[in-house]
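Chemist: Provide a 3D model corresponding to the input given below.
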Amino acid sequence: MAFGVGNFLRGLFKPGGSEAGAPNPAETVEYKGYSIQPTPRQQGSGWSTEGTITKSFPEGVKEARFIRADSSTAREDAVATSVMKAKRIIDEQGDKLFNQP
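Modeler: This is a model prediction of the structure:
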């Protein structure tokens, strides 16, 4: 029992303040009327490339989540890659990205 509690407490006080594998949001980036929220996750010794793209429409805000296979060794690189990938998605799909299941 104490072993589990110790692991839990260590997880609470790790640098960055987030549990391993939990989203680690970065600063939102505005691009062509869309908002990009990079949310890399630490996976082992690397960081995932993922985030959320949102846009306001007259009927309300729409949101699309993306995850890519790319990974980075540093969180800052994962944030930059997430923003780059989101911009590419926006350029290629535009508002159609919100119509996907």
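Chemist: Report the helix or strand with the lowest average pLDDT across this structure.
Modeler: Of all helical and strand segments in the chain, the minimum by mean pLDDT, DSSP states H and E falls on helix 2-12, at a mean of 42.
Chemist: What residue, apart from its backbone neighbours, is nearest the residue positioned nearest the centre of the chain spatially?
Modeler: Per CA atoms, centre = their mean, the C-alpha nearest to the average position across the chain is that of T39, at 1.8 Å. Excluding the flanking residues, the one nearest T39 by CB to CB, 6 or more residues apart in numbering is P23, at 4.0 Å. Glycine gets a C-beta too; all of them are placed from N, C-alpha and C.
Chemist: what about that neighbour, distance to Q43?
Modeler: As defined by CB to CB, to the nearest Å, P23 lies at a distance of 12 Å from Q43.
Chemist: between these two, who's got more neighbours?
Modeler: P23 (17 against 12; other CB atoms under 10 Å).
Chemist: doesn't F57 make contact with G33?
Modeler: No. G33 is not in contact with F57 according to CB atoms under 8 Å; the separation is 10.2 Å.
Chemist: Whichever helix or strand D91 is part of - contacts with which helices or strands?
Modeler: If you go by DSSP states H and E, D91 is part of helix 75-93. Packing contacts for helix 75-93, counted by 3 or more CB pairs under 8 Å, 6 or more residues apart in numbering; DSSP states H and E, involve strand 29-31, strand 34-38, strand 46-57, strand 60-72.
Chemist: Generate a markdown table for those, with distance to K85 and mean neighbour count as supplementary columns.
Modeler: Below are those laid out as a markdown table (distance: least, CB to CB, whole Å; neighbours: other CB atoms under 10 Å):
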| stretch | distance to K85 | mean neighbour count |
| --- | --- | --- |
| strand 29-31 | 12 | 12 |
| strand 34-38 | 9 | 21 |
| strand 46-57 | 6 | 19 |
| strand 60-72 | 5 | 14 |
